[in-house]
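Colleague: Need the 3D shape of this:
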Amino acid sequence: MLDFRLTPEQEELREKARRFAREEVLPVAAYYDGIDQTPLPVIQTAYDAGIINLNIPKQYGGQGLGLLEATLVVEEIAAACAGTATSLFDNSLGMEPLLLSDNEALKEKYLPRVAHEFKKICFATSEPTMGSDVSGIRCRAEEDGDDYILNGTKYWITNGGLADYASVFATIDPKSKHKGICAFLVEMDWPGVTVGRPIPKMGQRCSNTVGIHFKDVRVPKANVLAPPGKGFVLAMKTFARTRPTIGAFGVGAARSAMEFAIDYAKRRQAFGMPISGFQGIQFKLAEMYQKVETARLLTWRSAWESDQGLDANISASIAKMYATESALEVADEALQVFAGYGYTKMFPVEKILRDVRLLRIYEGTSEVQRVVLAGYLLGSYEPVMPALEDLPIHREQNPLEAEEGQKVWRCRMCGYIHYGDEAPEACPYCFFPQSAFKEVGAANQQS
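Modeller: Model (predicted):
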């Protein structure tokens, strides 16, 4: 039986995150967005309050919470500022390869540090010439005794300018594509690691984004997250675990845009009445609500599947695609409700619109999610309905009244159904020969 109720502990966690969002994030979001800086004091406060690093297992000093709990918190923080939410929860993305790795010694060394010492860790797959195409990685890793030597550049790295550690994906041979990909846990103060200037962005300005250059960086083999050939799988498993969180970013931001639009519509007067009284505005608000609620359900489902140890790759792609695209649609319509005022920086909707535009891009673009879903549908999806060539559509005879055992033939070209011991010499509709017909059963065996 399905049960969509949250546990008392989950409700308490969500309320805690909601208070934090309204009291700590919302008051400073516009300021840090204006100066294009990450609110480090807020991140420190979030760490002290225990609302980040939720997914570190208890055996390493963490809270041992699941992905569903993370989506609850992310939605609330993103409702106040999606950019700050990105910075706050990038640690979970950066840690995920370590959590999924088979390198137990590495977990025991670094996870307690992240849990107890406020260490920040970023995730580095993207490069200047590739983003969603992980198999196109060009950053090189060359084996050298007990070490690997890293050379190359990573780009679009969230919190890269703030991080103490980085989960870095590289390749032993770019020509081998996914078969050569490996992954490492790199300390950002090692010789040869250079961090670029913060990348100026349209939105998500409360989130630090940089390039990281590796010049002959020596990485001990003890810091291998995934050996060559297993890095691609690790990256895909990471995305399957973290994409629901991106869905939660969209849900939170869209919810705020909707709530602001509702408040404005009730107050704004036009033609002698509040604009909330106009059906055109009411329809916009109704569609916003539908999208927020649907996106949340999809996000919760994918997070729950992952927490249950199920393969959540498909549900995570659906949640990520729908929630992020819906967030953009909701924010855009909210700005339309505000009209000219919404286009100014005096109201919050323009910032929400700028922030959510990125959600359709990072951690796999909407187009990549469609590729994932199409591959599943055309490959491993198991339909309930029979194949078209096996489908008897009885239009000229009631199969329940037919003679017992009468054969039924279907033209595989046009779908015509013929009754008789043999198929006709030619189809009376499309004229294809007898070979085009397939026996699809017998009368009284069809329901």
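Colleague: my read is L185 is in a strand, agree?
Modeller: Yes - assigned with DSSP: H, G, I helix; E, B strand; the rest coil, L185 falls within a strand.
Colleague: what's the following helix or strand after the helix or strand harbouring I246?
Modeller: Under the criterion of DSSP states H and E, I246 resides in helix 231-267. From helix 231-267 onward toward the C-terminus, using DSSP H and E, the following helix or strand is strand 269-270.
Colleague: Report the distance from that next one to the chain centre.
Modeller: Distance, stretch centre to chain centre, for strand 269-270: 39 Å (Cα atoms, centre = their mean, to the nearest Å).
Colleague: Direction included, what does it pair against?
Modeller: strand 273-274 (antiparallel) (DSSP bridges).
Colleague: Distance-wise, check V25 relative to P39.
Modeller: Separation of V25 from P39 (Cβ to Cβ, to the nearest Å): 8 Å. (Each C-beta comes from the backbone N, C-alpha and C, glycine too.)
Colleague: what's the host helix or strand of F338 packed up against?
Modeller: For F338, the element it lies in under DSSP H and E is helix 313-338. Counting contacts by 3 or more Cβ pairs under 8 Å, 6 or more residues apart in numbering; DSSP states H and E, helix 313-338 packs against helix 231-267, helix 279-307, helix 349-356, helix 366-379.
Colleague: what's the closest of these to Q204?
Modeller: helix 349-356 (5.4 Å; Cβ to Cβ).
Colleague: Local confidence estimate at the residue sitting furthest away from the middle of the chain?
Modeller: Distance from the C-alpha centroid of the chain, by Cα atoms, centre = their mean, peaks at E403 (55.7 Å). E403 carries a pLDDT value of 71.
Colleague: What is the three-state secondary structure of it?
Modeller: coil.
Colleague: Give me the distance between it and L388.
Modeller: The value you get for E403 to L388, if Cβ to Cβ is used, is 26 Å.
Colleague: where in this protein is pLDDT low?
Modeller: 1, 400-402, 443-447 (pLDDT under 70).
Colleague: Spell out which residues are contacts of both of V25 and P39.
Modeller: Both V25 and P39 are in contact with T84, where contact means Cβ atoms under 8 Å, 6 or more residues apart in numbering.
Colleague: What distance do you get for L373 to S315?
Modeller: For L373, the distance to S315 - Cβ to Cβ - is 10 Å.
Colleague: neighbour-wise, which of the two wins?
Modeller: Higher neighbour count among L373 and S315: S315, with 22 against 16, using other Cβ atoms under 10 Å.
Colleague: Just give the nearest non-adjacent residue to the more buried one, would you?
Modeller: S302 (3.9 Å; Cβ to Cβ, 6 or more residues apart in numbering).
Colleague: Tell me who's in contact with that neighbour.
Modeller: Contacts of S302 (Cβ under 8 Å, 6+ apart): 243-244, 247, 312, 315-316, 318-319.
Colleague: picking that back up, give me the distance from the helix holding F338 to the chain's centre.
Modeller: 11 Å.
Colleague: buried set for it?
Modeller: 313-335, 337-338 (16 or more other Cβ atoms under 10 Å).
Colleague: by how many degrees do that helix and helix 366-379 diverge?
Modeller: Angle of helix 313-338 versus helix 366-379, following axes from the mean of the first three to the mean of the last three Cα atoms, to 10 degrees, is 140 degrees.
Colleague: and P191, what are its phi and psi?
Modeller: phi -60, psi 140 (degrees, to the nearest 10).
Colleague: got a list of what it touches?
Modeller: For P191, counting by Cβ under 8 Å, 6+ apart, the contacting residues are 217-218.
Colleague: Relative to K221, how far out is it?
Modeller: According to Cβ to Cβ, P191 and K221 sit 17 Å apart.
Colleague: Buried residues, the helix holding I246. List them.
Modeller: 231-232, 234-235, 237-258, 260-262, 264-265.
Colleague: same thing with stretch 426-442?
Modeller: Quick answer for stretch 426-442 (16+ other Cβ under 10 Å): 427, 436-437, 440, 442.
Colleague: which residues touch it?
Modeller: With Cβ under 8 Å, 6+ apart, stretch 426-442 has contacts from 389-392, 405-414, 416-418, 422-425.
Colleague: what do you get if the cut-off is 6 Å, keeping everything else the same?
Modeller: 389-390, 392, 405, 407-414, 416, 423, 425 (Cβ atoms under 6 Å, 6 or more residues apart in numbering).
Colleague: Stretch 10-27 now?
Modeller: By Cβ under 6 Å, 6+ apart, stretch 10-27 touches 42, 45, 51, 69, 72-73, 76-77, 79-81, 84.
Colleague: so, if you compare these, which one comes nearest to L298?
Modeller: Checking these against L298 with Cβ to Cβ, the nearest one is L72 at 14.6 Å.
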